[in-house]
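> what would the 3D arrangement of this be:
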Amino acid sequence: MRIPALTLAAALAAAAPALADDIETREAAGSVAEVMDRIEAAVTGAGATVFARVDHGGGAESVEMELADSQLLIFGNPQLGTPVMQEDILAGLYLPLKILVYADADGQTWIAYEEVDETFEDLDVARDLEALGKMEGALAKFAEAGAGG
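Numbers count the residues shown, from 1 in each chain. Have a look, this model is predicted:
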């Protein structure tokens, strides 16, 4: 079945506020690289493993396209991720955790991450699982460290 473009656009527009409600954001002081450096230092300082630092803006530039400066940090700790995956192996589709740092059109730097309870909402994971609370706390702590001031 084909969905008319206008119908699809309206549906996506209606869903956008709901999607944004699942994302935590906070302003940050400094450039995207400076903020991400602070977050990465907090992550490694907490004993978590950084798996990748993706430079979305640099990737776009490498193919002569424009994109706001943005970087994604992918990190995790098996002590937190394993219990979640033991509850539902499909949690591996959402792990490791991620934090995005980006610059908006006005040059303000922002930190964003998905709320943990929303990340695993559609899976068979107990909402009171201790690891979920620890993940949410860690994301908030890392965002705070990155925000600087």
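
> any low-confidence regions in this structure?
Along the chain, segments meeting pLDDT under 70 span 1-20, 149.

> now the strands for it?
Counting by DSSP state E, the chain has strands at residues 23-28, 49-55, 70-76, 97-103, 109-114.

> name the helices or strands packed onto the fourth one?
Packing partners of strand 97-103 (3 or more C-beta pairs under 8 Å, 6 or more residues apart in numbering; DSSP states H and E): helix 32-45, strand 70-76, strand 109-114, helix 130-147. Where C-beta positions appear, they are placed from N, C-alpha and C, glycine not excepted.

> show residues contacting the shortest one.
In other words, strand 109-114. With contact meaning C-beta atoms under 8 Å, 6 or more residues apart in numbering, strand 109-114 is reached by 22-32, 35, 39, 97-104, 139, 143, 146-147.

> just the buried ones from these, in PyMOL syntax?
The PyMOL selection below is limited to those of the contacts of strand 109-114 classed as buried (16 or more other C-beta atoms under 10 Å):
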select buried, resi 24+28+30+32+35+39+97+98+99+100+101+102+103+139+143+146+147
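
> and the strands of the chain as a markdown table, adding distance to residue 88?
Output for the strands of the chain, formatted as a markdown table (distance: least, C-beta to C-beta, whole Å):
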| stretch | distance to residue 88 |
| --- | --- |
| strand 23-28 | 22 |
| strand 49-55 | 21 |
| strand 70-76 | 16 |
| strand 97-103 | 16 |
| strand 109-114 | 17 |
